[in-house]
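Colleague: Structure for the following, please:
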Amino acid sequence: MKNVVVLGSTGSIGTSTIKVADDLPDQIRLVGLAAGNNVDLLLEQARKHRPEAISITDATKAQTLQDNLTFNTRVYSGNEGLLKLATLPSADIVLIAIVGTTGLQPALAAIRAGKDIAVASKEILVMAGEIVMREAERNGARVLAVDSEHSAIFQCLDGKPSSSVRRLWLTASGGPFRNTPKAEFASITVERALKHPSWVMGRKITIDSATLFNKGLEMIEARWLFGVEMERVSVVVHPQSVVHSMVEFVDGSIIAQLSTPDMCLPIQYALTYPNRARSERVQTNFAKLGSLTFEEPDTDRFPALKLARKAGEVGGTLPAVLNAANEVAVEAFCAGGISFPQITETVARTMDAHKVSERPTLKEILEADAWARQEALR
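Modeller: Numbering: from 1, shown residues only. Next comes the predicted model:
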């Protein structure tokens, strides 16, 4: 039995995690659930799973939760609530599915409390990968991947050292604009950008998949998770999203992990690792799929990949700046303030204006994050 805390339980990853827990009641116990502002869904989840503690962003909504609970569950709110849940004494693993940078402090708190963490929030490792991995090693905590791509690489590596790796291959669906001419990008609407061909995800990550920033962030994340340099991390477009990623070894062998797209599979693997639990949820029919295809990514139409590679190679505070500027630009696009191509243009200008700190402390990373948000907004 694994005691699990889910930070971001009402989002797309969080609700998939609840499904996995429902499938495996003898192996997974939800001891803590934290949500943004969805009181009704959090209350429903709490009533079903009876966790030790729950948390919500808004303190007034925490009171609403408390008033509607008929059983003994502690209720917290805000950043303090996230830290309380991340360090819950009974927890074995903390799954972090909070979009944006909010999950960084709870992740570090969980690690320092000796908890394993399952990372679904790319921003944690993009911003502070070196610090997170160093703290995990120091405290004997494991950092497990929840993204389908990083879970695939983890499964393919199967404990092999980074010295045996020639290249990590992250697959990308190509998003909804894989075949859209660059001349049409300025007229792309938010509604079109939110129609992903393979996955159902939250708004921010879906827009990131349309610009390919999602894949760029994953490149930096992979660099830290698997201890390789950026030059050994590559992207290939694979529209069917069946090959979730591949590892090319130094002898030329390539091992891939394949399955029908379903986030429940990598979530389940992270929560039950090192075991594999039986599940009928994911079924893959190769004859029905017919064929699997691969393409080079077009970095002219999707410059996010070049920006992410640059940030990962330079390192220091630049990845945090890339991430923060992108968050601001995506919000501006969704609000109708800028066009689709201006997302990457905003990030590029913000990165160019930044003076990089090469070996930053956590404080300096957070300061760079705050600076980048102001600069991108400007």
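
Colleague: Please identify the nearest residue in space to Gln240, excluding sequence neighbours.
Modeller: Nearest residue to Gln240 in three dimensions, chain neighbours excluded: Leu292, at 5.4 Å (Cβ to Cβ, 6 or more residues apart in numbering). C-beta: built from backbone N, CA, C; applies to glycine.

Colleague: Touching, that neighbour and Val237? I think so.
Modeller: No: counting by Cβ atoms under 8 Å, Leu292 does not reach Val237; the two are 11.7 Å apart.

Colleague: Pick out whichever of the two has more residues nearby.
Modeller: More crowded of Leu292 and Val237, by other Cβ atoms under 10 Å: Val237, with 19 against 15.

Colleague: What segments of the stretch 251-378 of the chain are helices?
Modeller: For the stretch 251-378 of the chain, the helices defined by DSSP state H, counting those that start in this stretch cover 264-272, 286-289, 304-314, 318-334, 341-353, 362-377.

Colleague: right, I mislabeled it, should have said the stretch 51-200 of the chain
Modeller: Under DSSP H, counting those that start in this stretch, the stretch 51-200 of the chain gives helices at 59-68, 78-86, 104-112, 122-139, 148-157, 190-193.

Colleague: re the thing from before, out of the helices of the stretch 251-378 of the chain, which is closest to Thr17?
Modeller: Closest to Thr17 of the helices of the stretch 251-378 of the chain is helix 264-272 (Cβ to Cβ; 5.3 Å).

Colleague: and the closest one, what other elements does it pack with?
Modeller: With contacts taken as 3 or more Cβ pairs under 8 Å, 6 or more residues apart in numbering; DSSP states H and E, helix 264-272 sits against strand 2-7, helix 12-23, strand 93-96, strand 116-119, strand 143-145, helix 148-157.

Colleague: JSON lines please, covering these and showing mean neighbour count.
Modeller: Shown next, in JSON lines, are those (neighbours: other Cβ atoms under 10 Å):
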{"stretch": "strand 2-7", "mean neighbour count": "26"}
{"stretch": "helix 12-23", "mean neighbour count": "21"}
{"stretch": "strand 93-96", "mean neighbour count": "27"}
{"stretch": "strand 116-119", "mean neighbour count": "25"}
{"stretch": "strand 143-145", "mean neighbour count": "22"}
{"stretch": "helix 148-157", "mean neighbour count": "24"}
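
Colleague: would CSV of those with distance to Ser55 be doable?
Modeller: Below are those laid out as CSV (distance: least, Cβ to Cβ, whole Å):
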stretch, distance to Ser55
strand 2-7, 8
helix 12-23, 13
strand 93-96, 12
strand 116-119, 17
strand 143-145, 22
helix 148-157, 26
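
Colleague: could you redo these as TSV and give each row mean pLDDT?
Modeller: Below are the helices and strands packed on helix 264-272 laid out as TSV (pLDDT from 0 to 100):
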stretch	mean pLDDT
strand 2-7	98
helix 12-23	96
strand 93-96	98
strand 116-119	97
strand 143-145	95
helix 148-157	97
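
Colleague: Which of these sits closest to Arg232?
Modeller: Among those, helix 148-157 comes nearest to Arg232, with 11.5 Å by Cβ to Cβ.

Colleague: Identify the residues contacting the closest one?
Modeller: The contact list for helix 148-157 (Cβ atoms under 8 Å, 6 or more residues apart in numbering) reads 144-145, 165, 168, 170-171, 218, 221-222, 225-226, 243-247, 255-257, 261, 263, 265-266, 269-270.

Colleague: Just the buried residues of the residues you listed.
Modeller: Among these, those scoring as buried are 144-145, 165, 168, 170-171, 218, 221-222, 225-226, 243-247, 256-257, 261, 263, 265-266, 269-270 (criterion: 16 or more other Cβ atoms under 10 Å).

Colleague: quick one: which of the residues you listed sit in strands?
Modeller: 144-145, 165, 168, 170-171, 243-247, 256-257 (DSSP state E).

Colleague: Closest to Thr17 out of those?
Modeller: For these, the nearest to Thr17 is Leu144 (12.8 Å; Cβ to Cβ).

Colleague: quick one: contacts for the closest one?
Modeller: So Leu144 contacts 93, 116-119, 154, 270, 273 (Cβ under 8 Å, 6+ apart).

Colleague: OK, contacts around Val39?
Modeller: Contacts for Val39 were tallied using Cβ under 8 Å, 6+ apart; they are 56, 61, 64-65.
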